[in-house]
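> any chance you could fold what I've pasted below:
(2 chains)
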Amino acid sequence: MLLLAGACALTFPLIAYGPPVDDVGLRSGAWVLPFGVRAAIGAFIFGVGMQLGGGCGSGTLFTVGGGSTRMVITLAFFIVGSLIGTWHLPAWSGLPSLPAFSVVREYGPLAGWLLIAAVCGAIWWVSRRVERSSHGALEPPRQGGSWLTGPWSHTLGVVGLIIVSVATILTLGRPWGITSGFALWGAKIATSMGMDVTAWPYWSGGRARAIERSVFADATSVMNFALISGAMAAAALAARFAPVWKLTFRDVATAVVGGLLLGYGARLAYGCNIGAYLGGIVSGSLHGWLWGIFAFAGSSTMALGRKRFNF
Amino acid sequence: MNFVDTAPAPVTKPVQTLPLLAALVGFVAVVALSTPHGGVRYGVASFIGLLAGFTL
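Modelled structure (predicted):
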């Protein structure tokens, strides 16, 4: 909640008063998108996939960088699922949807931020009460270690992610995203294998040109590659880079199914917990919050299922 | 009987050189390969991505 309120305090003025970069009246490339049945189902599927795959969009990348061999499988099938999602996307069109709604556009940056801060505060307060009533006490905060070798305290991590979120908007003119890069990687691999994905509506215009260009011309992919490097460096500095080569059938099966669900869900729902959730919320868009609710529902459902059926 | 009268030294694991080197080479490669397409902007974006990986 501190991350969301802190990031919005910086991004809302940028969106309201920054240089114009789009033609819908918003500035600094805010992602304000309609949220409907398609996105709700996609976010729910993504939440289920997180439990099975073992991570989210950014989580998959940083655990790959940290040396997790299982997450390499999740990433591979995340890419496959993303590609299938781009293929199926037209079949999901036409479903009911709420219109795009931005608190920055409706109420202005200050009132919009006060609203977000109040919502974050309320969630923080309720979460504390629920945790106290369930476990008797709050989990103690993680003690931070060296900033270089870690572990970082949650507060330092929040500051880092706020810097990343704001710096991405300042540098690229839009929020931080991850999973569109996976779809592009899948499309490029499929094209190299002789498939004509440009026949699918998703891969038209600029996206079709992106397939022809180098993957290093895609800013999302560039950040993804650098993220893996950063995670690998952090793991090496903390002496925690430890690939595990022996995987059970269950490890592989859950990674495959989880990866497919993560990729497919992300394409239906505008992205992952970074692009759709964090990117939506720092843009002042309602769709970010709704994404969070449905992904949480999917993740909780699968967590209960795993507990119930012991897998 | 032997008594240990000093506190054990804290266990500090050494930095893993090879993965650290691989990460740095990978990062330099990303910067080198992306800046011809996006200029300084992509160089900065690479650094932001590196920070994201470090933070997460």
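
> only C-alpha atoms from now on, for both contacts and neighbour counts.
Fine.

> show me the shaky parts of the chain.
As the question left the chain open, I've gone with chain A. A:19-28 (pLDDT under 70).

> oops, I was thinking of chain B
Checking chain B against pLDDT under 70 turns up B:1-12.

> where exactly do the helices run in it?
Residue ranges of the helices in chain B, as given by DSSP state H, are B:17-55.

> how far does the helix or strand where A:V104 lies sit from the chain's center?
In this assignment (DSSP states H and E), A:V104 forms part of helix A:103-107. Computed by C-alpha atoms, centre = their mean, to the nearest Å, the chain-centroid distance of helix A:103-107 equals 23 Å.

> give me every residue in chain A lying close to chain B.
By the rule C-alpha under 8 Å from any C-alpha of the partner chain, the part of chain A lying against chain B is A:58-59, A:62, A:152, A:157, A:160-161, A:164, A:167-168, A:171-172, A:216-217, A:219, A:222-234, A:236-239, A:241.

> any idea how far A:I116 is from the residue lying closest to A:T179 once chain neighbours are set aside?
Nearest non-adjacent residue to A:T179, counting by C-alpha to C-alpha, 6 or more residues apart in numbering or on different chains: A:G271, 5.7 Å away. A:G271 is 21 Å from A:I116, where distance means C-alpha to C-alpha, to the nearest Å.

> which of the two has more residues huddled nearby?
Applying other C-alpha atoms under 10 Å in any protein chain shown to A:G271 and A:I116 shows that A:G271 carries more neighbours, namely 28 against 21.

> distance of that one relative to A:S221?
Counting by C-alpha to C-alpha, the gap from A:G271 to A:S221 is 14 Å.

> what touches both of those two?
Common neighbours of A:G271 and A:S221 are listed as A:I178 (criterion: C-alpha atoms under 8 Å, 6 or more residues apart in numbering or on different chains).

> residue contacts, residue 56?
Looking at chain A here, since you left the chain open. A:C56 makes contacts with A:50, A:262, A:272-273, as judged by C-alpha under 8 Å, 6+ apart.

> chain B is the one I meant
A:58-59, A:62, A:157, A:161, A:231.

> which ones are touching the residue nearest in space to the middle of chain B?
The residue lying closest to the centre of chain B (C-alpha atoms, centre = their mean) is B:L20, at 5.4 Å. By C-alpha under 8 Å, 6+ apart, the contact list for B:L20 reads A:232-233, A:236-237.

> now it: how far from A:G145?
Between B:L20 and A:G145 the distance is 19 Å, computed by C-alpha to C-alpha.
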